[in-house]
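Colleague: Pasting a predicted model and its sequence here:
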Amino acid sequence: MDWKNTTSRYGSLTIGIHWLMFLLFVAVYATIELRDLFEKGSDPREVLKTWHFMLGMLVFALVWLRLAARLSGPTPVIQPEPPNWQQLSAKLLHLALYALMLGLPLMGWLLLSASGKPIPFFGLQLPALISENKDLAKQIKEVHETVGTVGYYLIGLHVAAALYHHFILRDNTLTRMLSGRK
């Protein structure tokens, strides 16, 4: 399989990054949801929060590679071609998902910065983006959590659309993103 996209299928780079991002999203959401199993201030809760942030920042780093891969070659054609409204819906949903992959980690970074907390990234300390401001931190946290909740729906809609195309419309939407499939 070629690493570059062609007009008939995604390349191995795009496919690999897509599924890696999926796993990262599962891990990011799992770490923040599982933290509620532990008391505030407990070590396991703090470890889960740290992993939530570091994995979110990994999403932020990898989304740039994903965008470069997406923009560097053609987008494989869906056969048979869907109606214009479905193509527009897909573009808007992908745009929203990219905004999520960029915006949520950036808000997390801003949140830790405004909270005056250290900003860990796999053994490194990232610089604060803004100075400490507890009131602003509360506002950013609310937006971050709301957008995170919206993310569940966007990801769910993306998955549902792929399955709809595969099992109901029986087009090649999903198989273009599966390795080794024709």
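Modeller: Received it, and whenever you're ready, just let me know what you need. Residues are numbered from 1 along each chain as shown.
Colleague: What's the per-residue pLDDT of residue 180 here?
Modeller: pLDDT recorded at residue 180 is 70.
Colleague: Quick check: it touching residue 9?
Modeller: No - in this structure, residue 180 is not within contact of residue 9 by Cβ atoms under 8 Å, at 10.2 Å. C-beta here means a position set from N, CA and C on the backbone, and glycine is covered the same way.
Colleague: Which one of these two is surrounded by more residues?
Modeller: Using other Cβ atoms under 10 Å as the criterion, residue 180 and residue 9 rank with residue 9 on top: 21 against 8.
Colleague: Regarding the more buried one, what is its secondary structure?
Modeller: coil (DSSP: H, G, I helix; E, B strand; the rest coil).
Colleague: before we move on, what about residue 180?
Modeller: Each residue gets one of three states, and residue 180 gets coil by three-state DSSP.
Colleague: Around the nearest residue to it once chain neighbours are set aside, how many other residues sit close by?
Modeller: Computed as Cβ to Cβ, 6 or more residues apart in numbering, the closest residue to residue 180 that is not its neighbour in sequence is residue 1, at 6.8 Å. Using other Cβ under 10 Å, residue 1 has 12 neighbouring residues.
Colleague: How much space separates residue 1 from residue 13?
Modeller: 10 Å (Cβ to Cβ, to the nearest Å).
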